[in-house]
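J.: Structure, please.
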Amino acid sequence: GGKAVMKESTFDRDADLKLHQAERRAAELLRWARLRKRLAGAIRREIGLARDTGGFSQKAIY
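T.: You can find the predicted model right below:
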């Protein structure tokens with residue numbers, strides 16, 4: 001009786017803790033992935049703008 005219930009509750013708590021840690025890690029990874037994607041998009045946009053302005057200035061020169 002009593003001992004089995006005790007053991008089960010501690011096991012559940014351990015499982016909950018592991019699940020919580022895994023969820024937090026997954027959330028962090030997701031956030032980093034989103035940040036990286038946003039950063040990559042911003043950099044690509046900057047490069048694209050630079051290339052466009054460079055093209056415009058070249059056209060103006062020639």
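
J.: What strand or helix carries Arg44?
T.: Take DSSP states H and E as the rule and Arg44 turns out to sit in helix 2-61.

J.: for that helix, the distance to its chain's centre please.
T.: 0 Å (C-alpha atoms, centre = their mean, to the nearest Å).

J.: Tell me how many other residues crowd Trp32.
T.: 10 (other C-beta atoms under 10 Å). For glycine as for every other residue, the C-beta is placed from the backbone atoms N, C-alpha and C.

J.: quick one: average pLDDT of stretch 44-54?
T.: Averaging pLDDT along stretch 44-54 yields 83.

J.: Give me the contacts around it.
T.: Contacts of stretch 44-54 from elsewhere in the structure, counted by C-beta atoms under 8 Å, 6 or more residues apart in numbering, are absent.

J.: pull the CA atoms of that stretch into PDB?
T.: Listed next in PDB are the C-alpha coordinates belonging to stretch 44-54 (Å, rounded to 0.1, in the frame of the first residue of the first chain):
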ATOM      1  CA  ARG A  44      20.000  39.100 -46.600                       C
ATOM      2  CA  ARG A  45      17.800  42.200 -46.900                       C
ATOM      3  CA  GLU A  46      20.800  44.400 -46.100                       C
ATOM      4  CA  ILE A  47      22.900  42.700 -48.700                       C
ATOM      5  CA  GLY A  48      20.000  43.000 -51.200                       C
ATOM      6  CA  LEU A  49      19.600  46.700 -50.500                       C
ATOM      7  CA  ALA A  50      23.400  47.300 -50.800                       C
ATOM      8  CA  ARG A  51      23.400  45.400 -54.100                       C
ATOM      9  CA  ASP A  52      20.400  47.400 -55.300                       C
ATOM     10  CA  THR A  53      21.900  50.800 -54.400                       C
ATOM     11  CA  GLY A  54      25.200  49.700 -55.800                       C
END
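
J.: got any ranges where the chain has weak pLDDT?
T.: Applying pLDDT under 70 to the chain flags the ranges 1-6, 54-62.

J.: switch the cut-off to 80
T.: Low-confidence segments of the chain, defined by pLDDT under 80, span residues 1-8, 52-62.
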